[in-house]
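Trainee: The sequence and its predicted three-dimensional model are supplied below.
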Number of protein chains: 2
Amino acid sequence: MKIIAFANGDDVALGVVTSATHFVEVAEVAPELPSDLIGILEREHALAHLREVTAGVRGNRPLSSVVLKPFISRPNAIWALALNFKSHIAETGLQTNPEYPHLFLRTAASFVGAGEPILAPRPSIAKAFDYEGELAVVIGKSGRYVPVDEALGYVAGYTCLNEGSVREYQTHNRQFGLGKNFEGSGAYGPWLMTPDEFGDPATHSVLTRINGVVRQRAPLDDMLLSVAQVVSYLSQGYCLRPGDIIAMGTPGALPPEPDDLEGKDLSRQFGPFPTPGLVHMRPGDLVEIEIDGLGVLRNPVILDA
Amino acid sequence: MKIIAFANGDDVALGVVTSATHFVEVAEVAPELPSDLIGILEREHALAHLREVTAGVRGNRPLSSVVLKPFISRPNAIWALALNFKSHIAETGLQTNPEYPHLFLRTAASFVGAGEPILAPRPSIAKAFDYEGELAVVIGKSGRYVPVDEALGYVAGYTCLNEGSVREYQTHNRQFGLGKNFEGSGAYGPWLMTPDEFGDPATHSVLTRINGVVRQRAPLDDMLLSVAQVVSYLSQGYCLRPGDIIAMGTPGALPPEPDDLEGKDLSRQFGPFPTPGLVHMRPGDLVEIEIDGLGVLRNPVILDA
């Protein structure tokens, strides 16, 4: 099952995707369910009920007719991992503890939905505005002290996430702080795909395209710590809550193709780790994060006015 | 004006403190106002209206009759500063960039209200569970690109905050992550005091008592970066929102008194920076954070079961 959120006047409504092009509104097929996804996740059997009532349904609304929105309103926590891909550790030359996830938090305000514009900082504020293509995990039920081998049972589903980062601010001090939390600097979507449809995260891969050029591509089994390990670790100190999001970290840049002048031009990079094949996100760009078997998160970049 | 939140059955209600011992419920004197503080802050003139309708009112409810709760439900962001007091920088020997605030985020779930028990991790999980007495700032209105000299105009008020930290987890990796976000490991309160009553933060001081022994005491002008500087910095990348909280950092430990055997016994410390005068928080302790002219945040410590 693929669940979307979409703009409905001033509100956000939920839908279930029924084909490559169409969806059905949750309020239409299951008006008895809460109107937000956290509410549905919190109610026992509600997700199974939604699957039942949408099975075989032919969606009456075209996906192209709506603006998608972030599908988790006001999560208690959006966790993100630094340096969880071996290729990204190699390109930055940074240290991380291989035993424990390298965790920080982002605010809900730092994310937009699929198709919505990502905001690039004014050049007078910062220029090293970078994509980070990632798998994101959404927690489906509360849990504490969860063993690794039971951890995937706490996952409601998966989505694509662009963990957009402002490098100048990220390196102002040792904690990433504001650099990982610029207004509308990241995105997730296009939908939440449930585990029965997605399967084992380690068998998938993630890629990032800027204006059609592939800039990151990595199998998800290149992660230092797995989804199950991170979910279990968090539950040692924190009560997992329905709607919590965990962004699993980003891979390194791909080496530039011979004719890729932009990817080879390190003089156009303003961040602390000039890297062949890396380009910053700039107004006018189209950024795509794709996870095979899940879908594509596609966002234009505009100037944050 | 001093605004509290208190448990009201399964809900949380707001009140205004009218004397050292009594308060009046907001829903009683101003039923037209939203029932949560973010809603009041978002509505223009609502705070001024609340001040008017409670002026001279004799509160009919004893403070001692209610359980206080965190007064901001579901904030978009709870920012916190590391290493913002010169005495704390000195005792840890850690580096910080003096030009930029050293920022990280905490979740709402990591805080309880005044009087509620703070949760100490199971000893098998962690032992270095430390208090951090701090001034916290609550944002009152939206703002972006706010100059330093206008920044205090965005502050709705101040409160005491215990930024409880689990040192073993905080040092698992370079980002503090879970170590600053254990379930119910911190607290804030007892109330939001508005700036007209609090005055200039730099003229106040903060102290921390464990079981009656003063463990931290510092003037708030020992901060590296002021409230106004931090509010202005955040607004460069992030749209300040009513109800955002900023914990301004903690001072160093006081040197132990001659007869303070516990404070001198470094063998009882499990954290990365054994410090004379520091003691960990343990189940059974009573922790108090006091800001002069504001009030005392008092919490018992119990085991996280």
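Mentor: It's in.
Trainee: Pick out the residue of the stretch 151-300 of chain A closest to chain B.
Mentor: Residue nearest to chain B within the stretch 151-300 of chain A: residue A:177 (3.1 Å; C-beta to the nearest C-beta). Heads up, the C-betas are built off the backbone N, CA and C, glycines and all.
Trainee: can you check the stretch 1-150 of chain A too?
Mentor: For the stretch 1-150 of chain A, C-beta to the nearest C-beta, closest residue to chain B: residue A:103, 3.1 Å.
Trainee: you'd agree that residue is in a strand?
Mentor: Yes. Per DSSP: H, G, I helix; E, B strand; the rest coil, residue A:103 lies within a strand segment.
Trainee: Can you list phi and psi of the residue of the stretch 151-300 of chain A closest to chain B for me?
Mentor: Dihedral angles of residue A:177 (phi, psi; degrees, to the nearest 10) stand at phi 50, psi -130.
Trainee: With adjacent residues omitted, what lies nearest to it?
Mentor: Among residues not flanking residue A:177 along the chain, residue B:103 sits closest, at 3.1 Å (C-beta to C-beta, 6 or more residues apart in numbering or on different chains).
Trainee: The residue of the stretch 1-150 of chain A closest to chain B - how many residues pack around it?
Mentor: 26 (other C-beta atoms under 10 Å in any protein chain shown).
Trainee: Return the set of residues that bridge with it.
Mentor: In this entry, residue A:103 is beta-bridged to residue A:81, by DSSP bridges.
Trainee: show me what contacts it?
Mentor: Contacts of residue A:103 were listed using C-beta atoms under 8 Å, 6 or more residues apart in numbering or on different chains, and they are A:79-82, A:230, A:234, B:173, B:175, B:177-178.
Trainee: ranges for the helices of chain A?
Mentor: A:26-29, A:37-42, A:46-54, A:86-92, A:167-170, A:195-198, A:227-237, A:261-264 (DSSP state H).
Trainee: ok, residues contacting the fourth one?
Mentor: Helix A:86-92 is touched from outside by A:83, A:96, A:218, A:222, A:224, A:249-253, A:273, A:275, with contacts defined as C-beta under 8 Å, 6+ apart.
Trainee: Would you mind listing the buried residues in stretch A:115-127?
Mentor: A:115-116, A:118-121, A:125-127 (16 or more other C-beta atoms under 10 Å in any protein chain shown).
Trainee: Repeat that for stretch A:82-97.
Mentor: Buried, per 16+ other C-beta under 10 Å, within stretch A:82-97: A:82-85, A:87-89, A:91-92, A:96.
Trainee: ok, so of those, who is nearest residue B:145?
Mentor: residue A:82 (27.9 Å; C-beta to C-beta).
Trainee: re the thing from before, quick one: residues contacting the residue of the stretch 151-300 of chain A closest to chain B.
Mentor: Contacts of residue A:177 (C-beta under 8 Å, 6+ apart): A:169-170, B:79, B:101-104.
Trainee: any chance of those in TSV, plus distance to residue B:39?
Mentor: Below are those laid out as TSV (distance: C-beta to C-beta, whole Å):
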residue	distance to residue B:39
A:169	31
A:170	33
B:79	21
B:101	28
B:102	32
B:103	27
B:104	27
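Trainee: what's the closest of those to residue A:245?
Mentor: Among those, and counting by C-beta to C-beta, the member closest to residue A:245 is residue B:104, at 17.5 Å.
Trainee: In the contacts of residue A:103, find the pair that's most separated.
Mentor: So, those by C-beta to C-beta: farthest apart are A:82 and A:234, at 14.8 Å.
Trainee: Could I get the CA-only coordinates of the helix or strand of chain A with the lowest mean pLDDT as PDB?
Mentor: Every helix and strand in chain A was compared by mean pLDDT, DSSP states H and E; the lowest is helix A:86-92, with a mean of 85. Output of helix A:86-92 as PDB, limited to C-alpha atoms (Å, rounded to 0.1, in the frame of the first residue of the first chain):
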ATOM      1  CA  LYS A  86      30.800   3.600   3.700                       C
ATOM      2  CA  SER A  87      31.100   5.600   0.400                       C
ATOM      3  CA  HIS A  88      30.200   8.900   2.200                       C
ATOM      4  CA  ILE A  89      32.600   8.200   5.100                       C
ATOM      5  CA  ALA A  90      35.400   7.600   2.500                       C
ATOM      6  CA  GLU A  91      34.700  10.800   0.600                       C
ATOM      7  CA  THR A  92      34.500  13.100   3.600                       C
END
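Trainee: The residue nearest in space to the middle of chain A: what's it in contact with?
Mentor: Centroid-nearest residue in chain A: residue A:161, 1.7 Å away (criterion: C-alpha atoms, centre = their mean). Counting by C-beta under 8 Å, 6+ apart, residue A:161 touches A:111, A:133-136, A:186-188, A:245, A:247, A:289, A:297.
Trainee: thinking again about what came up before, ok, the residue of the stretch 151-300 of chain A closest to chain B to residue B:256 distance?
Mentor: When distance is defined by C-beta to C-beta, to the nearest Å, residue A:177 is 33 Å away from residue B:256.
Trainee: do the same with residue A:135
Mentor: Taking C-beta to C-beta, one finds residue A:135 at 49 Å from residue B:256.
Trainee: What of residue A:104?
Mentor: The value you get for residue A:104 to residue B:256, if C-beta to C-beta is used, is 34 Å.
Trainee: can you redo the buried residues of stretch A:115-127 as JSON lines with pLDDT?
Mentor: As requested, the buried residues of stretch A:115-127 are arranged in JSON lines below (pLDDT from 0 to 100):
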{"residue": "A:115", "pLDDT": "97"}
{"residue": "A:116", "pLDDT": "97"}
{"residue": "A:118", "pLDDT": "98"}
{"residue": "A:119", "pLDDT": "98"}
{"residue": "A:120", "pLDDT": "98"}
{"residue": "A:121", "pLDDT": "97"}
{"residue": "A:125", "pLDDT": "96"}
{"residue": "A:126", "pLDDT": "96"}
{"residue": "A:127", "pLDDT": "96"}
